[in-house]
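Enquirer: this one's sequence-less:
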């Protein structure tokens, strides 16, 4: 027996509804990685950029920007985390190295991960990190103090942006969070480690 036109239409609507439901579930799973890619590409929300090296032309712009460093520790992480210097002034395009100090005040080894952003948000597109402690988890033994470096520069392209070129101060902010199930990672040899307890 053949299907009536009404039954055929109902099957098409049902199949379309099922296809839409599958597509919506797929988009829900893809939303976080797609949003992360969008932020990393555009600097949206103060997301900084990452580069393998500083540009060849450094400091040729003739203008400097003040960089302020902000450090925070989330509740539940028994660390002290501070910048070595609260602010510096750097020529646009010049590679710089900044240091933060982290101390584990607890009685056991603790692993943390830093989340970062810059403000104002529009500066995220031009604040370029070459290397940073925030790229991986950090494990500190009980009583251990570590100097954590970040290598960065301000992209000279900031001068081509009519909004961003007016910026005279950028705040780089980090918040360390405890990692529940840390991955077994060998600690970076670049960090200077001391045990204070």
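Expert: Yep, that arrived. These figures come from a predicted structure and were not determined experimentally.

Enquirer: Pull up the gap between the spatially most central residue of the chain and residue 174, please.
Expert: Most central in the chain under Cα atoms, centre = their mean is residue 116, positioned 4.4 Å from the mean C-alpha point. For residue 116, the distance to residue 174 (Cβ to Cβ, to the nearest Å) stands at 5 Å. The way it works is simple: take the backbone N, C-alpha and C, and place the C-beta from them, glycine included.

Enquirer: Could you tell me what pLDDT the model assigned to the residue nearest to the centre of the chain?
Expert: The model reports residue 116 with a pLDDT of 92.

Enquirer: Pull out the buried residues from the strand or helix carrying it.
Expert: Using DSSP states H and E, residue 116 sits within strand 110-119. Across strand 110-119, burial judged by 16 or more other Cβ atoms under 10 Å covers 110, 111, 112, 113, 114, 116, 117, 118, 119.

Enquirer: which among those residues gets closest to residue 141?
Expert: Distance to residue 141 across the buried residues of strand 110-119 (Cβ to Cβ) is lowest for residue 110, with 8.6 Å.

Enquirer: pretty sure that closest one is touching residue 139, no?
Expert: Yes. Look at residue 110 against residue 139 with Cβ atoms under 8 Å: they come within range, at 7.2 Å.

Enquirer: Need the residues that contact stretch 67-78.
Expert: For stretch 67-78, contacts defined as Cβ atoms under 8 Å, 6 or more residues apart in numbering pick out 79-83, 85-90, 96, 98, 100, 104-106, 110, 112, 169-178.

Enquirer: what does the strand holding residue 116 contact?
Expert: Applying Cβ under 8 Å, 6+ apart, the set of residues contacting strand 110-119 is 45-48, 77-79, 102, 104, 124, 127, 132-134, 136-140, 170-179, 182.

Enquirer: Any stretches of this structure with poor pLDDT?
Expert: 1-2, 29-61, 181-197 (pLDDT under 70).

Enquirer: if we go to 90?
Expert: For the chain, the stretches flagged by pLDDT under 90 are 1-62, 76, 117, 180-197.

Enquirer: rewinding a little: which of the contacts of strand 110-119 are buried?
Expert: 46-48, 77-79, 102, 104, 124, 127, 132-134, 137-140, 170-178.
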